[in-house]
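Chemist: just coords:
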């Protein structure tokens, strides 16, 4: 079990020790993360869960991301939350334990308190101007300090209501009434009609692995394109050339981003040429656009959504694997940290609709019931039909790049996983020739010699928080958990 929160990691392990499977653990962890990291995810948001039941079994994606309400002309960015219905749907299909037992840990931590992490304190400090004056988050008007105990009594009551009444309590009952009162553009029909979508994962190849990732409008299509382009361009040749590695991965990511802007939206509303975009011929065409490390202007593309322009580092990711080899990779989110900042019944409502494009005729333009594009890409890699690597990250528009870089280091560079996860990371901007890097990144060569501006940042959350698990040839589980957040991993 690997997650952004040591509290959640321990809960996931306990659920499996009690006889639960990986999906049971994922449900419990998802609820607990909404308590331990209320800035990153929660019942007012949504997410994506990729489940691989084990060798020879069929993997499946559960998309419980937020949707646009019927009133799409609203200036509000709040989407219809999918989290609660998502948890109940995956439990219906894969769960083995009683749902009450899976919600109990989150109720306990909300009622009795969680220790405030440094990440939560920093998020409260950074977002204070956009949040209501809530005494438990801002005692004496200041963000609650790291190490203090945060009690969320109202959230505990709401979770108890959901536990007692199931998803209808959230989508039809008193909680629904509170949501529609707080957010007038979401009405009863929007909530009642919300449905979880069950999909086949996309499949690609990288090294000796098959790569499974969520289909549009999630970010899996970009991840697979980037990995397959990197392999075609023999990315392993950049192993001991950190600047060349950063630039080439950045250029590849830019090209995929451009392809995504032109083609990808919610497949229920626009024709997304998935097979063509992942075909060998198309990958070769994309590769042909790369001219060494030349940062040609044709690679640059404008940032099309408010979420991209505001540059948030959002979401939470975790991976679970059980004793039978079932692996679950999950990314949950509110979009921005604390979402919209609107607070209802103890939880924050998302601002997911910021991820729609503002460009005319974009396949990612807003429509009623539509899911906006997301970079989130919970991923599983298989070998000989068995899941062996689960991985994902937070980080907004940098997610696919961060996950791809990590997989290159693990598979092509053969670097020790935890060591490479702890290494500083880089990101080449989409819309300008700026290479961003964590403060202690060592390039060996001067990036400015390549005609590019260079920026260091000490905001580690900017580069995401990679979490994952690996099952080796001896069936031993190894975890990796990013030091950029407050995560941990455990295996028994």
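Modeler: Received the coordinates, thanks. What you are looking at is a predicted structure, and each value in this text was computed from that prediction instead of being measured.
Chemist: how is the protein divided into domains?
Modeler: What automatic domain parsing lists as the domains of the chain is 2-198+314-355, 203-308+377-474.
Chemist: could you export the ones you listed as TSV, including mean pLDDT?
Modeler: TSV is the format used below for the domains of the chain (pLDDT from 0 to 100):
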stretch	mean pLDDT
domain 2-198+314-355	95
domain 203-308+377-474	90
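Chemist: can you redo those domains as a markdown table with distance to residue 361 and mean neighbour count?
Modeler: Just so you know, the C-beta spots here come from the backbone N, C-alpha and C atoms, and that holds for glycine as well. Output for the domains of the chain, formatted as a markdown table (distance: least, C-beta to C-beta, whole Å; neighbours: other C-beta atoms under 10 Å):
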| stretch | distance to residue 361 | mean neighbour count |
| --- | --- | --- |
| domain 2-198+314-355 | 16 | 21 |
| domain 203-308+377-474 | 10 | 19 |
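Chemist: was I right about residue 376 contacting residue 333?
Modeler: Yes: counting by C-beta atoms under 8 Å, residue 376 does reach residue 333; the two are 6.3 Å apart.
Chemist: what is in contact with the two at once?
Modeler: 47, 315 (C-beta atoms under 8 Å, 6 or more residues apart in numbering).
Chemist: ok so, going back, which one of the domains of the chain lies nearest to residue 368?
Modeler: Of all these, it is domain 2-198+314-355 that lies closest to residue 368, at 4.6 Å by C-beta to C-beta.
Chemist: and that closest one, how far from the chain's centre?
Modeler: Mean-position distance between domain 2-198+314-355 and its chain equals 13 Å (C-alpha atoms, centre = their mean, to the nearest Å).
Chemist: how close does the residue of the chain most remote from its centre sit to residue 198?
Modeler: Distance from the C-alpha centroid of the chain, by C-alpha atoms, centre = their mean, peaks at residue 449 (34.5 Å). Distance from residue 449 to residue 198, counting by C-beta to C-beta, to the nearest Å: 50 Å.
Chemist: backbone dihedrals for the residue farthest from the centre of the chain, please?
Modeler: Dihedral pair for residue 449: phi -70, psi -20, per degrees, to the nearest 10.
Chemist: now it: how far from residue 440?
Modeler: Counting by C-beta to C-beta - residue 449 and residue 440 are separated by 20 Å.
Chemist: and residue 328, that's in a strand?
Modeler: Yes: counting by DSSP: H, G, I helix; E, B strand; the rest coil, residue 328 is part of a strand.
Chemist: for it, name its beta-bridge partners.
Modeler: Beta-bridge partners recorded for residue 328 (DSSP bridges): residue 51, residue 320.
Chemist: okay, the domains of the chain in JSON lines with distance to residue 371 next?
Modeler: Formatted as JSON lines, these follow (distance: least, C-beta to C-beta, whole Å):
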{"stretch": "domain 2-198+314-355", "distance to residue 371": "5"}
{"stretch": "domain 203-308+377-474", "distance to residue 371": "5"}
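Chemist: residue 362: which of those is closest?
Modeler: So among the domains of the chain, domain 203-308+377-474 is nearest, using C-beta to C-beta, at 6.4 Å.
Chemist: quote the end-to-end distance of the closest one.
Modeler: 25 Å (C-alpha to C-alpha, to the nearest Å).
Chemist: likewise for stretch 63-75?
Modeler: With C-alpha to C-alpha, one end of stretch 63-75 sits 25 Å from the other.
Chemist: what lies in contact with it?
Modeler: 45-49, 79-83, 85-87, 89, 185-187, 189-190, 194, 196-199, 214, 217-218, 350, 352-353, 356, 366-372, 374.
Chemist: quick one, what contacts residue 153?
Modeler: 110, 111, 136, 346.
Chemist: right, I mislabeled it, should have said residue 166
Modeler: Contacts of residue 166 (C-beta under 8 Å, 6+ apart): 88, 99.
Chemist: and what of residue 15?
Modeler: The neighbourhood of residue 15, defined by C-beta under 8 Å, 6+ apart, consists of 24, 25, 28, 29, 97, 102.
Chemist: so for residue 492, which of the domains of the chain sits nearest?
Modeler: domain 2-198+314-355 (6.8 Å).
Chemist: no more questions from me, cheers.
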